[in-house]
Every structure is written in structure tokens, then in C-alpha cells.
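Enquirer: Sequence plus the predicted model coming up.
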Amino acid sequence: MRVNEEIRVREVRLVGDDGEQLGIMPVRDALRIAQDKGLDLVEVAPNGKPPVCRIMDYGKYRFEQSKRDREARKKQKVINIKEVKFRLAIEEHDFQVKARNAIRFLEAGDKVKVTIMFRGREISHSELGRELCLKLAEQLSDIATVEKPPKVEGRNMTMILVPKTEV
């Protein structure tokens, strides 16, 4: 935004500090009006024909804008991706422990990346890994949906689950 003497056009459409239209006038006159009121002339719509300028307290405007930006950042939820790793030959109790961890992550609003690690010749039994992923997805189906289905990537198989409230 250009302010006061930075505005380099001949004529501007002027809007007063109370929001009323003051008409089209030379920049010098608009600057004089703003200075008489002890305020700044701020270009709010530079692409207009002629550009639109407003009389306002620029410092106060910038402060209000930064305050609105901070509030907007506070309300944003950062979604993290948490990872739960399995091996192909996982015992049932270990599977349930990792499933509970995944539930905890999903309830916190995070995505869960399920990774099944294959060692040695286990990669030739990728269908067992797919079954393990689908078993977990079925167990978590009431709170999560599958964003990315199971897929072999190198020596791992990955699947991504997202909380149901997000989808």
C-alpha cells in the first residue's frame, strides 16, 4: 500500500475517514485534506480508474490488520502426520497397542501414516501387509477414513488415515 507522498498519480477517487465519497480530485488536494484532519492518505485500490484513496490513520490501520492476522493464525489447526510402524509378523497384543496409539493420534486431529516394514524375502508376501493395513483400517473405521490406500513403496507399504471429522 502506498501512503501520502508515495502516491504517484494525477487524480484519485477520495473516500473520507467516515466512509463517505468525496469525489475525484488531484492528489495534492486529497493530501491537503488528509493533513488538515491529521490523518494519512492511503491508496486502497491502485488498479481502479482513477485509483481509490482513503483518509485514515495508517499506523492504527496496520496495527488492527496485524491483530486480525494474529487472531486468524491462532484459529488455524496445524495437522501433523503421526506414523505407526508395523512388521509383517506382529503379535496380536502389539498390534492392539499400536492401534490404540493410532486412535489417540486420530482423536487429537492428526493424520496417521501406517507403515509396514518388510525385511528380506517378506516383500514377496506384500498381500499379507495389505491385509494387515486393511485390518487396522477396519478396526478404526468408526473414527477414521482411508485417505491413501495401502501401497508398496520400496521395502515398505504405507497407508494414510485421516480423522472422520476432517473428511
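Expert: Structure received.
Enquirer: The longest strand anywhere in the chain pairs with which strands, and in what direction?
Expert: Criterion DSSP state E: the longest strand present in the chain is strand 144-153. Sheet pairing of strand 144-153 (DSSP bridges) gives strand 156-163 (antiparallel).
Enquirer: For residue 109, the count of nearby residues, please.
Expert: When neighbours are counted by other Cβ atoms under 10 Å, residue 109 registers 14. In short, each C-beta sits where N, CA and C put it, glycine included.
Enquirer: again with the one 4 residues further on
Expert: For residue 113, the count of nearby residues is 18 (other Cβ under 10 Å).
Enquirer: Pop out the phi and psi values for the residue nearest to it when sequence neighbours are not counted.
Expert: Closest residue to residue 113 apart from its sequence neighbours, by Cβ to Cβ, 6 or more residues apart in numbering: residue 83 at 4.6 Å. Phi and psi for residue 83, reported as degrees, to the nearest 10, are phi -120, psi 140.
Enquirer: do you know how far residue 83 is from residue 92?
Expert: Plainly put, residue 83 is 21 Å away from residue 92 if you go by Cβ to Cβ, to the nearest Å.
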